[in-house]
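Colleague: with the sequence up front, the predicted model follows.
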Number of protein chains: 2
Amino acid sequence: MARPKEFDPERALAKAMNLFWRLGYENTSLEALMREMGIARQSLYDTFGDKRALYLKAMGHYRDQTNSQMQKMLNEIPSVRDGFARLLYGLAAETREQHERGCLLLSANLQRDAKDAVVRDFLRDNQARVEAIFRQALARAQKQEELPPNDPAALARFFVVTIQGMRAMARLKSDRKALEQVARVALGVFNSSA
Amino acid sequence: MARPKEFDPERALAKAMNLFWRLGYENTSLEALMREMGIARQSLYDTFGDKRALYLKAMGHYRDQTNSQMQKMLNEIPSVRDGFARLLYGLAAETREQHERGCLLLSANLQRDAKDAVVRDFLRDNQARVEAIFRQALARAQKQEELPPNDPAALARFFVVTIQGMRAMARLKSDRKALEQVARVALGVFNSSA
DNA sequence: GTGGTTCCAGACTATACAGTCCAGAATCGG
DNA sequence: CCGATTCTGGACTGTATAGTCTGGAACCAC
């Protein structure tokens, strides 16, 4: 019928996600998005809607990517404790750039207007998903007797909180050793019953 | 010599702090600041400098207030474990408005431009101060044999991270029970050696 | 009073930026 | 070739907002 799209919307979205990730919503201008995505203004509006819609799509992309990766790792690894250790020590070992960039969704949570129900609900849903992934893994740990029979839901929440706190700390100062100290303490829950 | 200031700069600063606290830097307009502080544009600029300078003063005010309060509580309470329990369960028990407002400095960290060295250094310094307060308390706990002889610096960092993570979680969803579950797990470090 | 200072209210400027519109070239199917 | 669609690039609009400036009233010390 007509000229087909010349760019790959998937790749363009990934580019936009990376920019939002580094700069946050407010500090990412359309100019910068156009440059980074390699497309013109109109193509952007035609394909993704306005800036906010693009942002929400980027959040979805981020969520799917990171969650499926985490889930896969936690499912495949024999020892659940090793899985969480990998999560936490892996975070600690990221580069300075990665630490500064932080977590797109944590940033979204603290940058959003308190009354923004759309973003809020998205993030709540995501938190529930991550908790579910963790809960499932922790339940397996208990079956394997890696973990005393504590409440897996509480532990799952604890790890979500720990990771978010570590992300905040890493963003402020990329200090691997400090982060590893925290990881070590947090992983102590696998040794003790609460 | 002249007409004296009619408003109390201290009170005006506290008002500004509260507004920044609720809305964040970007979403707080000068209009709103003038209204909330009860002073005119020029008085604001004459007394506090520009918006950013006011923001930095508000951050300082916040830091002094919260840190001295924490320090006092941790010094006075007999059991250090009870002190941290009070911190964490107190956070969990805050109102929905307080949870939404969160922590001014955590928000500042995640809202700031990555290249903003002034805010970054301020926040790093503050983190060091809070860690020092916690470290001191935890060292006392070990002396009192409330705590196995782990590294107090690591534990201090762990609690800083936990509180920040809980703040992020609370901002997203004001769920007291969920927060208490996390607090309970975190306080488990007082029972086990890592 | 007088002079110096602070107050308020509001006008004004400058800037940044999201979103729309337009012109013209490029690319397809038929 | 032709019509439809997408592309680029740039112009344009509208809006929000930080910061400056002005005029005039209120207040104080001397």
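Modeller: Nice, thanks for sending it over.
Colleague: does chain B sit close to whatever helix or strand residue A:89 lives in?
Modeller: Using DSSP states H and E, residue A:89 maps to helix A:80-92. No - on the criterion Cβ under 8 Å from any Cβ of the partner chain, helix A:80-92 is out of touch with chain B, staying 10.6 Å away. C-beta here means a position set from N, CA and C on the backbone, and glycine is covered the same way.
Colleague: could you point out which element follows that helix?
Modeller: Next element after helix A:80-92 (DSSP H and E): helix A:96-101.
Colleague: using CSV, write out every CA atom in that next one.
Modeller: The C-alpha trace of helix A:96-101 is given here as CSV (Å, rounded to 0.1, in the frame of the first residue of the first chain):
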residue,chain,number,x,y,z
ARG,A,96,29.7,3.3,37.9
GLU,A,97,27.5,4.2,34.9
GLN,A,98,25.1,1.4,35.8
HIS,A,99,25.0,2.5,39.4
GLU,A,100,24.3,6.1,38.4
ARG,A,101,21.6,5.0,36.0
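Colleague: on that earlier part again, against which helices or strands is the helix holding residue A:89 packed?
Modeller: helix A:51-76, helix A:117-143, helix A:152-172, helix A:176-187 (3 or more Cβ pairs under 8 Å, 6 or more residues apart in numbering or on different chains; DSSP states H and E).
Colleague: most tightly surrounded among the ones you listed?
Modeller: Mean neighbour count (mean count of other Cβ atoms under 10 Å in any protein chain shown) peaks for helix A:152-172 among those, with a mean of 24.
Colleague: next, the angle from that one to helix A:80-92.
Modeller: Between the axes of helix A:152-172 and helix A:80-92, defined by axes from the mean of the first three to the mean of the last three Cα atoms, to 10 degrees, the angle is 20 degrees.
Colleague: ok so, going back, what mean pLDDT does the helix holding residue A:89 get?
Modeller: Averaging the model's pLDDT scores along helix A:80-92 yields 98.
Colleague: ok, residues contacting it?
Modeller: By Cβ atoms under 8 Å, 6 or more residues apart in numbering or on different chains, the residues outside helix A:80-92 that reach it are A:70, A:73-74, A:77, A:137-138, A:140-141, A:144, A:146-147, A:159, A:162-163, A:166-167, A:170, A:176, A:179-180, A:182-183, A:186-187, A:190.
Colleague: neighbours of residue A:14, how many?
Modeller: Residue A:14 has 16 neighbouring residues, counting by other Cβ atoms under 10 Å in any protein chain shown.
Colleague: hmm, I was thinking of residue A:42
Modeller: 9.
Colleague: would you quantify the distance from it to residue B:115?
Modeller: Using Cβ to Cβ, to the nearest Å, residue A:42 is found at 31 Å from residue B:115.
Colleague: and the helix holding residue A:89, how far from the chain's centre?
Modeller: Here helix A:80-92 is found 15 Å from its chain centre; the criterion is Cα atoms, centre = their mean, to the nearest Å.
Colleague: how about it: buried residues?
Modeller: By neighbour count with 16 or more other Cβ atoms under 10 Å in any protein chain shown, helix A:80-92 contains the buried residues A:80, A:81, A:83, A:84, A:85, A:87, A:88, A:91, A:92.
Colleague: coming back round to it: tell me which of the helices and strands packed on helix A:80-92 sits nearest to residue A:30.
Modeller: Closest to residue A:30 of those is helix A:51-76 (Cβ to Cβ; 6.3 Å).
Colleague: would you mark the buried spots in the helix or strand hosting residue A:34?
Modeller: If you go by DSSP H and E, residue A:34 is part of helix A:30-37. Of all the residues in helix A:30-37, those buried under the rule 16+ other Cβ under 10 Å are A:33, A:34, A:36, A:37.
Colleague: packing partners of the helix or strand following it?
Modeller: Per DSSP H and E, the first helix or strand lying C-terminal to helix A:30-37 is helix A:41-48. For helix A:41-48, the contact count by 3+ Cβ pairs under 8 Å, 6+ apart identifies helix A:9-23, helix A:30-37, helix A:51-76 as packing neighbours.
Colleague: and chain B, which of those is closest to it?
Modeller: For those, the distance to chain B is smallest for helix A:9-23, at 7.2 Å, taking Cβ to the nearest Cβ.
Colleague: now that closest one: mean pLDDT?
Modeller: Across helix A:9-23, the per-residue pLDDT values average to 95.
Colleague: is that helix up against chain B anywhere?
Modeller: Yes - under the criterion of Cβ under 8 Å from any Cβ, chain B is reached by helix A:9-23 at A:22, A:23.
Colleague: outside of that helix, which residues touch it?
Modeller: The list of residues contacting helix A:9-23 from outside it, by Cβ under 8 Å, 6+ apart, reads A:28, A:32-33, A:36-39, A:47-48, A:54-55, A:57-58, A:61-62, A:100-101, A:104, A:107, B:113-114.
Colleague: can you tell me the closest non-neighbouring residue to residue A:173?
Modeller: Nearest non-adjacent residue to residue A:173, counting by Cβ to Cβ, 6 or more residues apart in numbering or on different chains: residue B:124, 5.6 Å away.
Colleague: for residue B:112, see how far away that neighbour is.
Modeller: From residue B:124 to residue B:112 the distance is 12 Å (Cβ to Cβ).
Colleague: so where's chain A shaky on pLDDT?
Modeller: Applying pLDDT under 70 to chain A picks out residues A:1-6, A:193-194.
Colleague: name the residue closest to the centre of it, please.
Modeller: Taking Cα atoms, centre = their mean, the centroid of chain A lies closest to residue A:103, which sits 5.0 Å from it.
Colleague: list the contacts for that residue?
Modeller: Listed by Cβ under 8 Å, 6+ apart, the contact set of residue A:103 reads A:164, A:167.
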